[in-house]
Every structure is written in C-alpha cells, then in structure tokens.
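Peer 1: Any chance you could fold what I've pasted below:
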Amino acid sequence: MMNGIDLSSSSDPTPSEKLTRLRTLLQTHNLDAYLVFSEDCHFSEYVAPCDERRSYLSNFTGSAGLALVTCDDSVTLNGDALLWTDGRYFQQANKQLCPLNWTLMKQFEPNVPSVEEYIEKNLQGKRIGLDPFTVSNAQISSWRTKFALSSSPPILVPIQKNLIDEMWEIRPSIPQKPVCVHPTSLAGEEVSSKVSRVRESLVQEHGHATVISALDQIAWLYNLRGSDIDCNPVFFGYGVVTLTGAHLFLGRRDENDEELLWLSEEVKNHLVEANVTLHSYGTFVSQLPTILQTAGGNGAAHAEVVCLVEKSTCSMAIADTINKSSTETITVVRKEFHTWSPVELFKSIKNQSEIDGIRSAALQDSVALIRYLAYLSSQHAINAELKELDVCEILTNYRNQQTGYKGDSFGTISSSGPNASVIHYTPQPDTQRTLNKHELYLCDSGAHYTNGTTDVTRTLYFGDDQNSKPPSAEIKRCYTRVLQGYFALYKAIIPDGTPGLILETYARSPLWRDGLVYGHGTGHGIGCCLNVHEGPQSIGSGNLPGNIIRESPKRLAMCLEPIRAGMYISNEPGYYKDGEFGMRIESDLIVHPVRHDAFHECGDTTTVRQSFLEFECVTKVPMCRTLIDLDLLNNEERRWVDEYHREVQEAILPLLDHDDCAKRWLMTETAPL
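Peer 2: Numbering: from 1, shown residues only. Next up is the predicted model:
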C-alpha cells in the first residue's frame, strides 16, 4: 500500500528546477550531497503531506525510498540524483521519476549498489548533509563504522533545518487535529497498567527511562487516537516513561502553546487521572535532559541514569540530545533495547477486549466488501462503465453504513488488468482505467472502526456468464497457486514462537512449484484501531535472499520475531506478471493457542507437550470461484475452501438485510466446489 498523495501542481517547479534549488542550498551549507529520507521525525511509514519531502523532490510517491542528490560542479550545479526503492515500486518509480533528472536504483537487484556502497565509492571525503530527526541513530552508526574503513571516509553532516523545507515554497501546513480518548472498554487495559508494565521492563533492563517516538506506540500507551496522518489514527507527539513519571509532548503545529489550549478537557482529565504530565511538543528537545536527570526511583537523582531507546525509532537527533543530558553530578547513559521497545512488543499482543473488537470490526467490514463486490458484479452483468477510482467511493459508502466506521486504513488499491501488476498501485483521476469484465480486478482495501482495523484483498473475474470469455488457463493456474499458498498458511499449526520467516514457505511453496515468486512480504502485523502495518512481527521478507536479510539488523529482527498467541496478522500471497495482470488474496488472522486435546495422542499421554498455535480467519469474504482450477486442488484443499465458504455464508447472510443482490452473489460464490 502507498500514500497516493499528488504533491504536484501547476505552480510547482519542474524536476530540474527543484534539483537546482537544492544544489544551490548545498553550496550555501558547504555540502557535496544531501540525503532525503522517506520518514518523518517519528519514522512513520505513511507521513503527513508536509513531511512528504522525498516525494516532493522526486515526484515518486511510493511509501518506501531514499533519495541522494549530489552537486559535482559549483558553477553548473550539475550532479547525480538517485532514488533507491524496492521491488514493490519499480514500475511505479519508472513512471513517476523524470528520466532526464533521476536514476532509479533498484534496491536488492544484482549489480545495483546500496546507498552506502554508492557513497563509499563515489563520495570519498565528501560532506553529505542530512536531517538528523529523520534518520535513525543506528543507521548513522552503521554507516560511520563502514565509512571509517575508507582511506578518505565520507563525512555525514547533520543539518538541523531540513533543506527540502527551505526550498518548498507552498509546503502543506502541519496538521494538529483533535485527539480523542480510546476508551478502556475497547483498549482492554488502563493507561496506568500499561505504564507499569513498561516500568517493569525498565527494571529488568537495568534502566531508568525510555523515550518513545513512534506515533502508534504513543497512541497505544496513552489510550488516545488522532488523525494527523491520513488513514492512520495517530497524532504527533513524543512520550517519555521513567521509573517515577510519565510524560507526553503534544501540539506540533503550535509548538509554543505550553498550555495546550487546543486539547480537549476530556483528554487532559484522562491523562491527569493516569498521572501523565503534559508538555508542548516544541519543548521536547529542551525538556528531555531535565526529565532524564531526575529519572531515578523515588525522585532521587542517580549518579548514573540509563535511558533505553528502540534502535529503529531513535533518531540521530534524539540520541544526541540524550548523550548531552549529563551534568557534573549525573551521568546520563543511552542504551538500546535488544530489539524492540517493550511498548512495541506489548502492543502486538491483543487482549481479549481487543480481539472481540477486531472480530466485530472484521465482520462489519466483510459485509461492506461483499455488498461492494456484488454491486460490481451486477453492473458488469449489464455492461455498465465502471472506473478504478470512481468505484472506491462506492466502497467507502458501503463502509460508512457500518457502525463505528472511522475511515479507510490506507488508500484503496483498485486496479484492473495491467494496472494490477503494479503491487502498490493507486488510481488517479487522469490515468484510471475502465474495469473490463474480461480482465482481473484486484481490490486491496481496509478500514478503521472504533474497535478494530482491517486489511483485505480479493481478486475477481466478472466475466463468468455463458456469453463471456473465460479466464485464461495461465491466469487460473496462477490464481489457484496463490489460493493454495493462502490456505496452506491459514491452516498451518506451528510451535509457539516460530519465526515469521519460516511461515513464508507455506504460502510460497505452491507458487515455487511453477517457478513463480512475488516481491512483497506474505504478512504483517495489524493494529487495533491503529496503523494497518504494525510491528514487530512479519511473515517474510519480500523474497529476499538470506545475505540481504542479514545485512539489515531491523529486517532480520522482524523476520525472526516469534509469532505469539494474541497477534493479529495478515496473510497475503500474490503473483504479478508485469504489464499484464496481478492477483493477491489477503485476509486477517488472529493467532490462538491450540488445545492439547486437539492432537492425536502418541505414546505417553502424560508427556508435557510444547505449546502450538493456530490461526483464526476473521475476514469473511469469498474467493473467486471462476478463477479456481479444480484439477490443481487436492481433496484437503477443496475441503478447506468449502469449509471457509460455509463459514462466510453462515456469518454474513443474516447481516445483509434487504440487499437481495448481495445475497444472491454470496450464495453463488460460496456454493460447494
């Protein structure tokens, strides 16, 4: 999925003009190059329009990428402009980057240097500027270690004022939308209890404080929700938890509003009751040293205060602030959690209230999706003209009829025919295609409800009547391989703690048998009325080889993160043939422990078994019968499909009220194979 924001306008400078402006600033700051990261100050995957700096500079709007601009000649202002991104976005980047100005660096492809390899080879001894708030300290430390081996190492120079902000004349305003309380009835745990668990983790790690900058972690910890970033129910803020206190910094736009006049009394009272101290967002850097200097137990200052941070979300700027927090009598030491912040780990395990809410939200969302797909099918039957972007509004209207709907969890990927081969395609008004019932239609969409978040993909072929052309044998075979992989993972039983990477083989093996691969991961964590992509767990690495996985500590940690009971994850294998078609099947799963009496007993029944896990599929939307090649399915796989369709029918049919069109479509699609 991608943040499909159009950052261009008729008044925008051309790609060449933008690069000239940036290179002029490089001269002003005595720099030879500048790095532009995708992330904001909180390492958000999707960012607010005001933070779409890399997208503004390059016109590439994919959610992952890194730009490097060099200035090789101070007179002509010539140089390189390079954009690194991964295989999910190659097609999109080729379309959006101006080939006269930009070079696409296809990340992880053979003979394509990584950004650090390129810098090490081509920018020896050069000064490379960057915004220290938008790059992790762990990344900078890693690069500096590698560069130090060079006879003339490149010099990484933190520039406090982001250079893209300096040149961005009509930059979108910084959002500061209302923050609301996420009730305990839905959260399942009081703020005070969550903070206590964080403190217990600090004690176990011999720490006195932790800084929290990831926005979804802050929202979860303090039982609050917002909407500062489109499709993400979060708000801008920083959190600090010590052994004796809890702090929250809010109000990025009005940084000097120390009284936080824009914040509701309900939210203020909620935080007071939880003993959380409020501060203005703009005072974070200046207040943090004071908080850390008094972070000892019982209010006493320690000779040494240990501040623990998360490697992947502690920026270079925050690390520098912590490092400079010591006084003559107090030494503040920055240390890193081994992998993830305890908040990230706690958040990934849903409690019973959250699980109940997720089931309810998923069921409501399934109703909306079925009504939408049934409507599309009925319109195709009468040869109505439907367009990729226009139909998204129809889906939103169906969702809006569901109780507790808050908005989409990402921009809907509504793609027809060859557009479906672009993994993170987002339709635009001037490029959207008309849906053709003789082509595949891929719809990847999700929603936030007050009690849960969804992420669902179905691929359909509407030309299933007697007068229509059937799908090709190739398409049916590919779809069936994806279906087999989907059910193999969904029906898997695994030992508790199995790394997510191991689970990928369930989903990919049927495709491998035909020499097919897909370039994205097979599954990711999902928030509970929070971000649709949530860590730390993941299923797979996007078909990357082991040596590439090993090179990134964060990627390796995600691949090896144990799958635990209570996690909420997606299951989404797919296949994409460039320029022709694409397909994906995605549902949302809750991880549960398997009862020991479910196993066939062998030998000594008194032997204590290892704990095992299984998956509950909360998404209730049919597969596309027309695309299934029955000859490829074995008896067990046929039974899995029929059982799932029976569950869908039983769960959804009573909820369709007077929508006879949806009822007929559902009964047809869920009939036994």
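
Peer 1: quick one: low-confidence ranges for the stretch 401-550 of the chain?
Peer 2: Along the stretch 401-550 of the chain, segments meeting pLDDT under 70 span 464-467.

Peer 1: got it, and the stretch 101-250 of the chain?
Peer 2: Scanning the stretch 101-250 of the chain for pLDDT under 70 picks out nothing.

Peer 1: Test my guess that residue 569 contacts residue 521.
Peer 2: No - contact criterion CB atoms under 8 Å: residue 569 and residue 521 do not qualify, at 10.5 Å. Glycine gets a C-beta too; all of them are placed from N, C-alpha and C.

Peer 1: any shared contact partners between those two?
Peer 2: Residues touching both residue 569 and residue 521 (CB atoms under 8 Å, 6 or more residues apart in numbering): residue 539.

Peer 1: Where does residue 279 sit: helix, strand or coil?
Peer 2: Per DSSP: H, G, I helix; E, B strand; the rest coil, the secondary structure class of residue 279 is strand.

Peer 1: which residues pair with the closest residue to it other than its chain neighbours across the strands?
Peer 2: With CB to CB, 6 or more residues apart in numbering as the measure, residue 249 is the residue that lies nearest to residue 279, at 4.6 Å, once sequence neighbours are left out. Listed beta-bridge partners, residue 249: residue 238, residue 279 (assigned using DSSP bridges).

Peer 1: contacting residues for residue 249?
Peer 2: Residues touching residue 249, when contacts are defined by CB under 8 Å, 6+ apart, comprise 237-240, 278-281, 283-284, 287.

Peer 1: Next: residue 171.
Peer 2: Under the criterion of CB under 8 Å, 6+ apart, the neighbours of residue 171 are 50, 165.

Peer 1: Name the helix or strand for it, please.
Peer 2: Here residue 171 is covered by no helix or strand, with elements defined by DSSP states H and E.

Peer 1: what's the answer for residue 360, then?
Peer 2: In this structure, residue 360 sits in helix 352-381 according to DSSP H and E.

Peer 1: Return the set of buried residues in that helix.
Peer 2: Within helix 352-381, the residues that count as buried by 16 or more other CB atoms under 10 Å are 353-355, 357-377, 379-380.

Peer 1: same check, this time on stretch 51-71
Peer 2: 51-71.

Peer 1: show me where the stretch 151-300 of the chain has helices.
Peer 2: Per DSSP state H, counting those that start in this stretch, the stretch 151-300 of the chain has helices spanning 163-167, 184-187, 191-204, 215-221, 265-273, 284-293. These are given in chain order.

Peer 1: can you redo those helices as CSV with distance to residue 645?
Peer 2: Compiled in CSV, those are given as follows (distance: least, CB to CB, whole Å):
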stretch, distance to residue 645
helix 163-167, 50
helix 184-187, 31
helix 191-204, 40
helix 215-221, 34
helix 265-273, 44
helix 284-293, 52
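
Peer 1: Just say which of those helices is most tucked in.
Peer 2: Most buried of the helices of the stretch 151-300 of the chain, by mean neighbour count (mean count of other CB atoms under 10 Å): helix 215-221, with a mean of 25.

Peer 1: where does the residue nearest to residue 279 sit relative to residue 69, distance-wise?
Peer 2: Residue 249 sits 32 Å away from residue 69, taking CB to CB, to the nearest Å as the criterion.

Peer 1: Likewise for residue 187?
Peer 2: Looking at residue 187 against residue 69, where the rule is CB to CB, the gap reads 44 Å.

Peer 1: again, but for residue 649
Peer 2: Going from residue 649 to residue 69 by CB to CB gives 56 Å.

Peer 1: Same check on residue 491?
Peer 2: Residue 491 sits at a distance of 49 Å from residue 69 (criterion: CB to CB).

Peer 1: do the same with residue 663
Peer 2: For residue 663 relative to residue 69 (CB to CB), the value is 57 Å.

Peer 1: for residue 579, same thing?
Peer 2: Distance of residue 579 to residue 69, given as CB to CB: 30 Å.

Peer 1: One more: residue 168?
Peer 2: Here residue 168 is placed at a distance of 14 Å from residue 69 (CB to CB).

Peer 1: excluding its backbone neighbours, what's nearest residue 130?
Peer 2: residue 35 (4.4 Å).

Peer 1: Show residues contacting the helix or strand harbouring that neighbour.
Peer 2: Assigned by DSSP H and E, residue 35 belongs to strand 33-37. Strand 33-37 is touched from outside by 22, 25-26, 53-54, 57-58, 66-71, 79, 115, 119, 123, 126-131, 134-135, 159, 163-164, with contacts defined as CB under 8 Å, 6+ apart.

Peer 1: With adjacent residues omitted, what lies nearest to residue 435?
Peer 2: Nearest residue to residue 435, sequence neighbours excluded (CB to CB, 6+ apart): residue 386, at 4.4 Å.

Peer 1: Near the residue lying closest to residue 245 once chain neighbours are set aside, how many other residues are there?
Peer 2: The spatially closest residue to residue 245, leaving aside those adjacent along the chain, is residue 277, at 6.3 Å (CB to CB, 6+ apart). If you count neighbours by other CB atoms under 10 Å, residue 277 ends up with 14.

Peer 1: Could you tell me the per-residue confidence at residue 277?
Peer 2: Confidence per residue is given as pLDDT, and for residue 277 that number is 96.

Peer 1: need the contact list for it.
Peer 2: Contacts of residue 277 were listed using CB under 8 Å, 6+ apart, and they are 245-248.

Peer 1: could the residues you listed be laid out in TSV, adding neighbour count?
Peer 2: Formatted as TSV, the entries for the contacts of residue 277 read as follows, by neighbours: other CB atoms under 10 Å:
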residue	neighbour count
245	17
246	22
247	20
248	24
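
Peer 1: Pick the one among the residues you listed closest to residue 155.
Peer 2: Compare each of the contacts of residue 277 with residue 155 using CB to CB and the shortest gap goes to residue 247, at 34.9 Å.

Peer 1: Not counting its neighbours along the chain, what's nearest the closest one?
Peer 2: Taking CB to CB, 6+ apart as the measure, residue 247 lies nearest to residue 240, with 4.3 Å between them; neighbours along the chain are not counted.

Peer 1: wait, isn't that neighbour in contact with residue 291?
Peer 2: Yes - the pair formed by residue 240 and residue 291 meets the contact definition of CB under 8 Å, at 5.5 Å.

Peer 1: Quick check: the closest residue to residue 655 other than its chain neighbours vs residue 401, distance?
Peer 2: Once its chain neighbours are removed from consideration, residue 655 has its nearest residue in residue 367; the separation is 5.0 Å (CB to CB, 6+ apart). Counting by CB to CB, the gap between residue 367 and residue 401 amounts to 9 Å.

Peer 1: picking up where we left off before, show me what the mean pLDDT comes to for the strand holding residue 35.
Peer 2: Across strand 33-37, pLDDT averages out at 97.

Peer 1: now do stretch 638-657
Peer 2: Per-residue confidence for stretch 638-657 averages out to 96 on the pLDDT scale.
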